[in-house]
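Q: I would like to see how this sequence folds:
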Amino acid sequence: MHTAHPILAMHEARALAALLGASAPACDWIAMPLNAPGSPRGAFVGGNPLDGSWLFDTELPGPWVFAWSGTLGDSLFASDPVNWMRGPTALNALCAELAPQLQRHHKRLVLIPHARHVLSDARSALTWWCDHVIPGQDPNIVRHSPDIDRPFGLAFDPAAFLEPSMLTDIEDHMQSLFASFGPRADVVILRDATINETDPEQMAPCPLGSGRLPRARIRELLALHVPESTPIMVQGAALNGSLEWLGRSA
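A: All right, here's what the predicted structure looks like:
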C-alpha cells in the first residue's frame, strides 16, 4: 500500500540559503513541495514559544510558520506537570497576542504537538484545535480543518507523541492518534524516533525507517484516516529513503 499525498521536504535553512547564495532566514528549516520547489509552504521556527522571548519574522518564506506548542518547563523537552495545569492558559494567551499579526500578514501558525509540551496528547491538542481552528463550530460535525485563510493550524507528527512506555503498544497508540489527528491536521510530519541512548526515559529523533514507527501500520493508517489532499512532510536530507518507506518514487 502506498500513499498519493503531496510531499513536502524539510530542508535545513542555512544549507538551502548557502546553496542559493542567499542570506539565511531566521528559521531552522523550510518546507518545500516536491512538485513546486520554488514555492515554499512554510518555515519552522525552533525554540520555546512560551518562554517569553520567542519571535518569528513575518517575512519568512511561505504562508505557514511551524512551531512547537511550547512548554512552561525549564528546558524544551523536559517533562513538567505544570504544562497540564497552566500550559493551556499560557498558550491561549500567546495565540490571542499573535492572531492579529498572523491575519495581517496572511500567515498561519501551525503548531506541532509533542508528548512533553502543552499540546501533549489527543485531548489537549484537539481542545486547542476546536478553540482556534474551528471556533464556534461543532467538532462532531466539522471533522476537517477548513480550507480558508486562517491564523492557526495543527500538524500531526506521530513520533513526537511517543514516550518509551508506549512502545510495547505502539500500534494501538498509532491507531488512536491517526483516528484523532488524521482528518484534522494541516500536515502530517513523518520522522522516526527511538529510545535515547543516554537517557532511556526519553525518545530521540532519527531518520524515518531507523526507529520504532511501524511502517506497514503507518501506511495503512495514512490511507485510512488522512485525506489525500493533506501533505506529508519528510526530511529533505533523507528524502529518497523516506519516499521508499512510503512506497513512493523520487
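Q: contacts and neighbour counts: CA atoms only from here.
A: OK.
Q: contacting residues for the closest residue to residue 136 other than its chain neighbours?
A: Closest residue in space to residue 136, ignoring its immediate chain neighbours: residue 130 at 7.9 Å, by Cα to Cα, 6 or more residues apart in numbering. Shown here is residue 130, whose contacts under the criterion Cα atoms under 8 Å, 6 or more residues apart in numbering are 136, 137, 139.
Q: would you map the helices across the protein?
A: In order along the chain, the chain carries the following helices (DSSP state H): 13-20, 82-85, 87-104, 122-132, 170-181, 215-225, 239-245.
Q: adding mean pLDDT, write those helices out as JSON lines.
A: Converted to JSON lines, the helices of the chain look like this (pLDDT from 0 to 100):
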{"stretch": "helix 13-20", "mean pLDDT": "82"}
{"stretch": "helix 82-85", "mean pLDDT": "96"}
{"stretch": "helix 87-104", "mean pLDDT": "98"}
{"stretch": "helix 122-132", "mean pLDDT": "97"}
{"stretch": "helix 170-181", "mean pLDDT": "98"}
{"stretch": "helix 215-225", "mean pLDDT": "97"}
{"stretch": "helix 239-245", "mean pLDDT": "95"}
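Q: by neighbours, which of the contacts of residue 130 wins?
A: Counting neighbours by other Cα atoms under 10 Å, the top entry in the contacts of residue 130 is residue 139, with 15 neighbours.
Q: could you find the closest non-adjacent residue to that one?
A: Sequence neighbours aside, residue 130 is the residue nearest to residue 139 in space, at 6.6 Å (criterion: Cα to Cα, 6+ apart).
Q: what's the separation between that neighbour and residue 150?
A: Here the criterion is Cα to Cα, to the nearest Å. By it, residue 130 lies 13 Å from residue 150.
Q: same check on residue 18?
A: Distance check for residue 18 against residue 150: by Cα to Cα, it reads 32 Å.
Q: so which elements touch the helix or strand bottoming out on mean pLDDT in the chain?
A: For the chain, the helix or strand with the lowest mean confidence is helix 13-20, at a mean of 82 (criterion: mean pLDDT, DSSP states H and E). Helix 13-20 makes packing contacts with strand 29-33 when contacts are defined by 3 or more Cα pairs under 8 Å, 6 or more residues apart in numbering; DSSP states H and E.
Q: what angle sits between the strand it packs on and helix 13-20?
A: With axes from the mean of the first three to the mean of the last three Cα atoms, to 10 degrees as the basis, strand 29-33 and helix 13-20 are set at 60 degrees to each other.
Q: neighbouring strands for strand 29-33, and are they parallel or not?
A: Each strand paired with strand 29-33, and its direction, by DSSP bridges: strand 7-12 (antiparallel), strand 42-44 (antiparallel).
Q: what residues does the last one touch?
A: Spelled out, it's strand 42-44. Under the criterion Cα under 8 Å, 6+ apart, residues 27-32, 60-67 lie in contact with strand 42-44.
Q: in TSV: the residues you listed, plus pLDDT, distance to residue 108 and neighbour count.
A: Written out in TSV, the entries for the contacts of strand 42-44 read as follows (pLDDT from 0 to 100; distance: Cα to Cα, whole Å; neighbours: other Cα atoms under 10 Å):
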residue	pLDDT	distance to residue 108	neighbour count
27	96	15	22
28	96	17	17
29	96	16	23
30	96	14	27
31	97	14	28
32	96	16	23
60	95	12	19
61	94	12	20
62	97	10	17
63	98	6	19
64	98	5	24
65	98	6	27
66	98	8	25
67	98	11	22
